[in-house]
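In: Got a sequence here, can you model it:
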Amino acid sequence: MSELQKNVDPELEKLYDEVEREHEKETKKTRPERQMDSLLNGMDGGGNERSSSKDGNELLRFFGGLLLFGAGLYMIFQNLIITRSWGVGSIFRIGNLNIPNGTIMIPLLIGIALLFLVDRKLWGWLFIGVGIVIILAAVLMSVSVTWRTSNGWMFFTMFALTMAGGAMMMRELFRSK
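Out: Down below sits the predicted model:
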């Protein structure tokens with residue numbers, strides 16, 4: 001025996017023997033048993049450890065969540081019925097105030113005129129912004145949304161898909177690296 005072999009640490013010998021025994025157990029197992037062990041232990045076929053949360057699986061989980069989220073939203077929007085409920089005789093109502101429909105265009109028209117008349121264009125852009133907000137508010141307030149009758153299972157499925165998909169996406173977006 002050489003000088004190096006005599007000075008081997010006893011702990012290293014125990015570790016070497018243990019690794020050798022594990023190797024013998026692995027070689028005696030059938031192929032399906034080895035595949036099952038590798039799946040349970042997070043090993044791929046070559047014996048390299050693979051962590052499910054650190055490889056390229058984040059992108060797969062994100063897009064899987066996006067797919068679930070989109071499917072849930074699609075099902076929800078398929079069950080909505082949108083109708084218009086504009087005021088009586090071209091009158092737009094805000095509470096008890098009745099406004100003729102054409103008057104909601106006045107701030108937008110004033111803003112366009114101010115852009116061409118005044119050197120300081122801030123007021124023109126401000127009126128245009130307010131006009132666009134008023135027009136969008138008028139359109140949104142004139143819409144009536146109702147829910148189509150559906151059974152409980154569909155209702156649960158729609159919202160479960162949406163919530164599960166959203167949670168999967170949020171988990172991957174806000175995961176600490």
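In: what about E13, distance to S176?
Out: Per Cβ to Cβ, to the nearest Å, E13 is found 41 Å from S176. Every C-beta, even on glycine, is put in place using the N, C-alpha and C of the backbone.
In: Compare the two (neighbour count), which wins?
Out: Neighbours were counted for E13 and for S176 using other Cβ atoms under 10 Å; E13 has more, 10 against 3.
In: Just the pLDDT at that one, thanks.
Out: Looking at E13, its pLDDT is 79.
In: In which helix or strand does it reside?
Out: Assigned by DSSP states H and E, E13 belongs to helix 10-28.
In: would you list every one of the strands in the protein?
Out: In the chain, the segments counted as strands under DSSP state E are 80-84, 91-94, 97-100, 143-147.
In: Let me see the mean pLDDT of the last one.
Out: The predicted model gives strand 143-147 an average pLDDT of 84.
In: who wins for proximity to A137 among the strands of the chain?
Out: Among these, strand 91-94 comes nearest to A137, with 8.8 Å by Cβ to Cβ.
In: measure P107 to L68 for me?
Out: From P107 to L68 the distance is 43 Å (Cβ to Cβ).
In: Packed most tightly, which of the strands of the chain would that be?
Out: strand 91-94 (a mean of 14; mean count of other Cβ atoms under 10 Å).
In: circling back: need the strands of the chain in JSON lines with distance to D119, can you?
Out: JSON lines is the format used below for the strands of the chain (distance: least, Cβ to Cβ, whole Å):
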{"stretch": "strand 80-84", "distance to D119": "41"}
{"stretch": "strand 91-94", "distance to D119": "34"}
{"stretch": "strand 97-100", "distance to D119": "32"}
{"stretch": "strand 143-147", "distance to D119": "40"}
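In: Out of the ones you listed, which gets the lowest mean score?
Out: The weakest mean pLDDT among these belongs to strand 91-94, with a mean of 63.
In: Brilliant, that's me finished.
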